[in-house]
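Novice: Would you be able to build a 3D model of this:
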Amino acid sequence: MGRRICSLLASTFIVCFLMTSSVTSSKNLNITTDQTSLLSLKSRLHLEPSHILSQNWSNPSNVCTWIGVSCSRRHHRITALNISNMGLKGTIPPHLGNLSFLVSIDVKGNSFQGNLPVELAQLRRLRFLDLSSNSFTGQIPASLGFLSEIQGLSLRNNNFSGFIPATIFNLSKLEMLDLSFNSLRGKLPKEIGKLQNLMDLRIQDNQLTGSIPFELYNVSRLERLALTRNSLSGELPDDICDRLPGLEAIYLSWNAISGHIPVSFPECRRLTLLSLSNNAFAGPIPREIGNVTMLDMLYLGANNLTGEVPEEIGNLRRLKQLGMGKNIFSGSIPLSIFNISSLVFLDLAGCGLSGTLPSHMCSHLPNLQELNLYNNDLYGPLPSRFDGCSRLQALSLRDNHFTGFIPREIGNLTMLKTLRLFHNRLTGEIPPELGKLQQLEQLHLAVNLLTGSIPEEIANISTLTLLALTANRLSGSLPKSIGSRLPNLDLISLETNLLSGHIPDSIANSSKLTYINLGNNHFSGTIPSSLGSLRLLQRLFVHGNNLTGLSFITSLANCRFLIDFWMQNNPADDFLPPSIGNLSTSLKVFLAWNSTIKGSIPNEISNLTNLVELSLSGNDLSGFLPSGLGRLALLQGLFLSDNRISGSIPTGVCQLTNLGELRLSNNQISSQIPGCIGNGTSLRQLYLDSNRLSSGIPSSLWSLKNLLELNLSSNLLNGSLSPEIGNLEGAVLIDLSFNQFTQNIPITIGRLDNLINFSLSHNRLLGSIPNTTGNMVSLEVLDLAHNNLSGSIPMSLEALKHLKTFNGASFQGAAHGRISYYELLRATDGYNDNNLLGRGSFGAVYKGVLDDGMILAVKVFNLEQEAAFKSFDAECEVLRNIRHRNLTRVISSCSNHEFKALVLEYMPNGSLEKWLHSDDYFLDTTLRLNIMIDVASALEYLHQGLTTAVVHCDLKPSNVLLDEDMVAHLSDFGISKLLGDDQSISYTNTLATFGYMAPEYGSEGIVSTKCDVYSYGILLMETFSRRKPSDEMFDEEMNIKRWISNAVGDDGIVGIVDAKLLSTEDRFYNEKLSCLTSLMKLALNCCEDNPEDRLGMSDVLAALKKIKLQFLAYGALGATGIVR
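Specialist: Below you'll find the model as predicted:
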């Protein structure tokens, strides 16, 4: 009640003020007053680009002759003011309210600012007020409600805010109201129903909420209703067109209106436009929509409409625009739609529609300019006849299941500007007829199964701005003139094909290029230095090819807008030039991992101050880390693992406060972890494993509370573990294994309740396992093996519901010491055949369970064979001092003159032999790659990681054992050889397995590490072909090596690889085939007859990792799976 009184008093005051003002000034209102008012307006102008008013509006001249001014003949008073679109900037003075004879004001298209003066309400004769497209602010004055004669009011495209004043709806003669493109909020007042003469209502692009007031549907003269882009909700009444039969256009898109689409729309007999898209309408489209026969435009897209698209839409013979995309339809596209000859625009994208397209689809669509059917479930061939759609400018059929060839007839659509057919299953070659599309701007055929070369004709479409042929099976070289005739090209993406040859210099002639992606192909040679002339280039991707050299980097200094540069997975075999520091300071990402880059990292790289990610992992880099790394203040990811970098970690790394991921694994970095490491407060992943770091862990590291993953394993770190380890409460992985830590495990580890993987194995830790370990509720892997722990396993571990792996081997072994014969006898149930895991040349292996529940494998040697004694001694000698994650660990032994046994870590998943050659087991490509990488890692360690090299001499699938995580462990060192200082030695007795044995070992008894390389090559062939070298298909004339060699030479490995690894239906068939071919070529390189020609295991391992990285980059691996 109080608010009503205040509102009434305010309105009374305004009325009194206006009446008083009118009486006071009525005596003086004359043409001079009008002139003074306009001069006041002129004086408020801050900007007048054309200077028309400043020169024309002056005192001596008659105001009625001024530009923009119209006067009445009778009273010689100003009746109209039109100064629209003059670029004026200023404010409206209150004096404008003195132009009492004004009928029309038009100031649209200027830059007037500020609030509207309330004095405008004095213009009682005003019928038209157009203030649109200015910069007025504040609220819409309530005083405008006193302009009783107003018929047209437009305040659109300003900065008005607040609520719509209810007084506006007192303007009973109002026919047009436009408040669009402001920042008005609140509900649409129900008083709007009082505007019974209103024909055109536009309040688009504001912030209105609530439902459309029912009173609006009583404004029976309404012809246009435009409320697009608000936040209106509620439902439309079923009888909307019974109440508003004169509606000609309804704009309600981009709101939150729900409910069903009313069935009464046919009652709006003059309705030409209906726009309800981007709302929450649900249910089916009423079939009655087909009776709205005057419709020119129908937009129902981006709702929740269901059911089938009604056939009756085909009755809308005047329809030019039909947009119904992004709904949840079922069924196929009604054929009747393709008979609406007036259609110019058709959008049925993202609707879940299925079925095929009729071959005559274009026969009755002569006016169609844009066709969007993308992101559906359409299948079958593309229509073969496009002749009828001669005016088509945009065709998008992407993200469907179309098969077959691209019709050559598309080349007849000479007005086409955009062609998008990507993400289908199209086969065959790109038709050269596409070169006839001389207005084409975008050609997007990516992610199909297209073959053949890129037609020369494509390189002649001078209008092209985008050429995307990514992820097909295209081969051959690029057209030599590809850039010479494409002056407008902005983006070229040819990634993941089989393209070869050199990158042509002519590509640099496309001077507007901003994006080049040639990654994951077979391009060779050097990267042309001419790319440096592409001054607009922002993104360059040449990764995953056979490109060499790095000298081209110098030329890229001219590309001042370069943001991304990927060149990983290339055999660059070159030094990183100091000129890398001259690259654009805009550069954010530089990826060059696995590119055989050698030498040191230039300190000039620290000039790239906007770098966010730097990855040089998996190269042959040496020397020290650049001292200027601290200048890369924006760096978030630094990846330098798997190199030969030495020296200490520079303190500049601690200045990288944005660094989230630091990976320096597998280098030769020494000294201490810098004490300032705690300054890296953004660190989430820290990998310093497999280096030569010494001393203790600095206390500041435990303050990194955002740390998720910490790996310091395989270093020389020592001292005790700080209780502050419990501060890493967000960590999910902590690996401190293979160091020299001593003392007890801190009880504070119980605070690590997010930790999933925790390893302290292979240290010198003492005491018992803390009872608080049971508080680590997320733990899945706990490895405490090979320490000096004592006591019992805490009962609290039973609460760890997610724990999958617990390894406490040395903890239990400390109690066992050397396990007795009788303990082993009980553990194996008297060496019962039910516990037999396998038999070998010198004995048998049994599964055993000790009294305390520990599961192990017992290898019992058959001492009736003299060689078994030597085998036991050899295995003990080899396994006594080696440790590697991919070698079988010895827990204990039992030995006397009559009995010899080794107690080994139990491998629950058996041998690779079982998984390869049993019908009940299957390994996918991912697992086979991982297993072969594990075996290669073990051999590299044996050959190069020890003072005295060890040759296994009997590599075969039965000696590759798999733990519960399918990690491979090399076993059976019974005939292994220690080389000492010699590179090879000779033996008169050869005990290796036929088929895997190197020729020089079998014929001459010569043993070297290259014997293992040969056996590894055979094992690699067997793993991916599932053919044993002893298979019955092989004989003296044809062995597994020759079989594989013939297939690779004929480019036909499809017939020799395991058929379960390849499917022609696989979207990434092409990439998988390429990977498997690379694997077989690598296997053949390992099996060269001359040992000197074989690769070393380090090179084999690097090649395997590259193949895996390429495979992962393609996205071809999918989920790792084991089928049993």
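
Novice: Need the three-state assignment for the residue lying closest to residue 1009 once chain neighbours are set aside.
Specialist: Here the nearest residue to residue 1009 in space, its sequence neighbours aside, is residue 943; by C-beta to C-beta, 6 or more residues apart in numbering that works out to 4.3 Å. (Glycine included, C-beta is placed from N, CA and C.) On the three-state scheme (DSSP: H, G, I helix; E, B strand; the rest coil), residue 943 is labelled helix.

Novice: What distance do you get for residue 943 to residue 884?
Specialist: Computed with C-beta to C-beta, to the nearest Å, the distance linking residue 943 and residue 884 is 12 Å.

Novice: surely the residue nearest to residue 1009 meets residue 1099?
Specialist: No - with contact taken as C-beta atoms under 8 Å, residue 943 and residue 1099 are classed as non-touching, separated by 11.4 Å.

Novice: what residue ranges in the stretch 901-1050 of the chain score low on pLDDT?
Specialist: Residues of the stretch 901-1050 of the chain that meet the criterion pLDDT under 70 lie in 973-992, 1002, 1049-1050.

Novice: What segments of it are helices?
Specialist: Assigned by DSSP state H, counting those that start in this stretch, the stretch 901-1050 of the chain shows helices spanning 912-917, 925-944, 999-1004, 1009-1025, 1040-1049.

Novice: buried residues in the first one?
Specialist: This points to helix 912-917. Of the residues in helix 912-917, those scored as buried under the neighbour-count criterion (16 or more other C-beta atoms under 10 Å) are 912-916.

Novice: would you list these in a markdown table and tack on distance to residue 170?
Specialist: A markdown table is the format used below for the buried residues of helix 912-917 (distance: C-beta to C-beta, whole Å):
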| residue | distance to residue 170 |
| --- | --- |
| 912 | 88 |
| 913 | 93 |
| 914 | 90 |
| 915 | 85 |
| 916 | 88 |
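
Novice: Can you tell me which of these lies closest to residue 34?
Specialist: Nearest to residue 34 among the buried residues of helix 912-917, counting by C-beta to C-beta, is residue 915 at 98.4 Å.

Novice: is it true that the closest one touches residue 923?
Specialist: Yes - proximity of residue 915 to residue 923 meets the contact threshold set by C-beta under 8 Å, at 5.3 Å.

Novice: Give me the phi and psi for residue 178.
Specialist: Comment: the main-chain dihedrals of residue 178 come out as phi -130, psi 110, following degrees, to the nearest 10.

Novice: Please tell me I have it right and it contacts residue 156.
Specialist: Yes - using C-beta under 8 Å, residue 178 makes contact with residue 156 at a distance of 4.6 Å.

Novice: Out of the helices of the stretch 901-1050 of the chain, the one nearest residue 493 is which?
Specialist: The closest approach between residue 493 and any of those, judged by C-beta to C-beta, belongs to helix 925-944 at 26.0 Å.

Novice: what are the C-alpha coordinates of the closest one, in CSV please?
Specialist: Included here for helix 925-944 are C-alpha records, laid out as CSV according to Å, rounded to 0.1, in the frame of the first residue of the first chain:
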residue,chain,number,x,y,z
THR,A,925,47.3,-54.3,-29.8
THR,A,926,47.9,-52.1,-26.8
LEU,A,927,48.8,-54.9,-24.5
ARG,A,928,51.1,-56.6,-27.0
LEU,A,929,52.9,-53.3,-27.5
ASN,A,930,53.2,-52.8,-23.8
ILE,A,931,54.5,-56.3,-23.2
MET,A,932,57.1,-56.0,-26.0
ILE,A,933,58.3,-52.6,-24.6
ASP,A,934,58.6,-54.3,-21.2
VAL,A,935,60.8,-57.1,-22.6
ALA,A,936,62.9,-54.6,-24.6
SER,A,937,63.4,-52.5,-21.4
ALA,A,938,64.6,-55.6,-19.5
LEU,A,939,67.0,-56.5,-22.3
GLU,A,940,68.3,-53.0,-22.6
TYR,A,941,69.1,-53.1,-18.8
LEU,A,942,70.8,-56.5,-19.1
HIS,A,943,72.9,-55.4,-22.0
GLN,A,944,73.8,-51.8,-21.1
